[in-house]
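S.K.: Dropping a prediction and its sequence here:
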Amino acid sequence: MFLASPETERKMREYSRHVSTINSVSSLVAFLPTIFTIYSGIPFQYFFILVPLQILVISGISYFKYGVERKAKKIEVSPGKYVLDNTMGYAIFSISFPILLFLFILFNSLTSLQRVITINLLLVMSLFLVISNLPASRMKRISMPLEDAYLAGKAEELSKKLGTGKLGIYVLNLGKFKIANAGQVGARKYSVFITDYLLDNLSPEENVAVIAHEFAHARQKHVLKTAIIAWAITSASVNLMVFPADVGTYPALAVVLPAMGFILLMLAMLFLIPAIKRRFESQADLIAVSVVNGMDLVNALQKITRLNFVPSEISRHWSLDHPPTRERVKRIIAQTRGKEVPANVQSTTVMHNIPK
């Protein structure tokens, strides 16, 4: 039987808070110093000093995060490998952000009409990138096709039941990082990626349930829908932000509309898009349990929660891409039993073995 004890849940929440805080600090280090340097009037050449310092500080923060991860999840990757992988994204941002700002300065030298035309051409180009298969192609290069004959056979059965067509399933080697995860990638051509740590710690039936969940995303075109919604909101917001300054008898619009565009973009990224993703996750859960045993998916979700050391219930989850596990479990059990979730249900007891 697995129900995390109050003490374990407390440690999970503490771990999640620490990781969230560390990630936020890393983002601020990568973002704010550059903004300050630009607006303080410091010569552009100072970026050659600022950027290496940013990367150095982020590396130190990553090493601290490594200690948190090792204590909580007992990760086995070397400190150097962990810091390099965790710092790489922030480093690329720190290097590219000054370049983007410099291009933005050039962009502002254009006339209002030229800015609107330029930004919309870039948005159209970005749409093609959004619906391309580039993310999946990149991930395939760092993964291996699924070789398990049982899972491959079950996946083929699921693809027929759900009408998705044959989907490629690939295994990511992240065992030393102890990341138990799976995801459907691609807006047109669909691929499913599963970490080896997840495969090794779930039973065959639970892995099949996870695959069914990812196939459900493909069937409902959730990745494509999310990408188009995000692109449409971004396009509207950016067009408002670059609204022509020359607005005739209504000069206030030159201030109000860009502000509205910025607020719209922030609200969408922080609230609307995560809410849509949570809805899609719940939908994929319910579609999956129409073709597999619902309790296998329940067991898989609870094991994944434990393996990733994530609390099963988070009170403020409005900015998260996935609903809390406890909430998902309630919905799945209610769907499996064919009735609504009782309002007074506080927890769910599930029989299964949890890896140590």
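M.R.: Received it, and whenever you're ready, just let me know what you need.
S.K.: Give me the contact list for the one helix or strand residue 121 maps to.
M.R.: When elements are defined using DSSP states H and E, residue 121 is found to belong to helix 112-130. Residues from elsewhere that reach helix 112-130, judged by CB atoms under 8 Å, 6 or more residues apart in numbering: 107-108, 110, 187, 227-228, 231, 234-235, 238-239, 242-246. Bear in mind the C-beta positions are built from the backbone N, C-alpha and C, glycine included.
S.K.: Just the buried residues of these.
M.R.: For the contacts of helix 112-130, a neighbour count by 16 or more other CB atoms under 10 Å gives the buried set as 187, 227, 231, 234, 235, 238, 239, 242, 243.
S.K.: Can you give the domain ranges for this structure?
M.R.: What the record gives for the chain is the domain set 1-109, 112-356, from automatic domain parsing.
S.K.: how far is the helix holding residue 121 from where the chain is centred?
M.R.: In terms of CA atoms, centre = their mean, to the nearest Å, the centre of helix 112-130 is found 25 Å from the chain centre.
S.K.: can you pull out the strands in the stretch 101-250 of the chain?
M.R.: Chain-ordered strands for the stretch 101-250 of the chain, with DSSP state E, counting those that start in this stretch as the definition, fall at 143-145, 168-172, 182-185, 191-195.
S.K.: tell me the contacts of residue 26?
M.R.: Listed by CB under 8 Å, 6+ apart, the contact partners of residue 26 are 58, 61, 62, 90.
S.K.: what sits against the last one?
M.R.: Residue 90 makes contact with 26, 27, 29, 30, 54, 55, 58, according to CB under 8 Å, 6+ apart.
S.K.: again, but for the second one
M.R.: Neighbouring residues of residue 61 by CB under 8 Å, 6+ apart: 22, 25, 26, 29.
S.K.: SS state for the second one?
M.R.: I take that to be residue 25. The three-state label given to residue 25 by DSSP: H, G, I helix; E, B strand; the rest coil is helix.
S.K.: And residue 235, how close does it get to residue 119?
M.R.: 9 Å (CB to CB, to the nearest Å).
S.K.: rewinding a little: I'd like the strands of the stretch 101-250 of the chain laid out as TSV, including distance to residue 153 and mean neighbour count.
M.R.: Converted to TSV, these look like this (distance: least, CB to CB, whole Å; neighbours: other CB atoms under 10 Å):
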stretch	distance to residue 153	mean neighbour count
strand 143-145	14	14
strand 168-172	12	19
strand 182-185	18	20
strand 191-195	15	23
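S.K.: Adding distance to residue 279, write those strands out as a markdown table.
M.R.: Listed next are the strands of the stretch 101-250 of the chain as a markdown table, based on distance: least, CB to CB, whole Å:
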| stretch | distance to residue 279 |
| --- | --- |
| strand 143-145 | 28 |
| strand 168-172 | 25 |
| strand 182-185 | 16 |
| strand 191-195 | 20 |
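S.K.: Kindly state the pLDDT recorded for the most centrally placed residue in the chain?
M.R.: In the chain, the C-alpha closest to the average C-alpha coordinate belongs to residue 321, at a distance of 6.6 Å (CA atoms, centre = their mean). Per-residue pLDDT puts residue 321 at 87.
S.K.: what's the answer for residue 75, then?
M.R.: For residue 75, the model assigns a pLDDT of 93.
S.K.: wait, is it part of a helix?
M.R.: No: checked against three-state DSSP, residue 75 lies outside a helix; its state is coil.
S.K.: what's it sitting at in phi/psi?
M.R.: When quoted as degrees, to the nearest 10, the phi and psi of residue 75 stand at phi -60, psi 150.
S.K.: residues in contact with it?
M.R.: 66, 69, 82, 176, 177, 178.
S.K.: again, 6 Å this time
M.R.: Taking CB atoms under 6 Å, 6 or more residues apart in numbering, we find residue 75 in contact with 69, 177, 178.
S.K.: what do you get for residue 47?
M.R.: With contact taken as CB under 6 Å, 6+ apart, residue 47 is in contact with residue 98.
S.K.: for the helix or strand containing it, which positions count as buried?
M.R.: Secondary-structure element containing residue 47, defined by DSSP H and E: helix 47-73. Taking 16+ other CB under 10 Å as the basis for neighbour counts, the residues of helix 47-73 that come out buried are 47, 50-51, 54-55, 57-59, 61-62, 65-66, 68-69, 72-73.
S.K.: one step back: hey, which of the domains of the chain is tucked in deepest?
M.R.: Here the criterion is mean neighbour count by mean count of other CB atoms under 10 Å, and of the domains of the chain the winner is domain 112-356, at a mean of 17.
S.K.: before we move on, back to that, okay, the buried ones among the contacts of helix 112-130 in a markdown table with distance to residue 124 and pLDDT next?
M.R.: Compiled in a markdown table, the buried ones among the contacts of helix 112-130 are given as follows (distance: CB to CB, whole Å; pLDDT from 0 to 100):
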| residue | distance to residue 124 | pLDDT |
| --- | --- | --- |
| 187 | 16 | 78 |
| 227 | 14 | 91 |
| 231 | 10 | 93 |
| 234 | 12 | 92 |
| 235 | 9 | 91 |
| 238 | 12 | 87 |
| 239 | 12 | 87 |
| 242 | 15 | 78 |
| 243 | 19 | 73 |
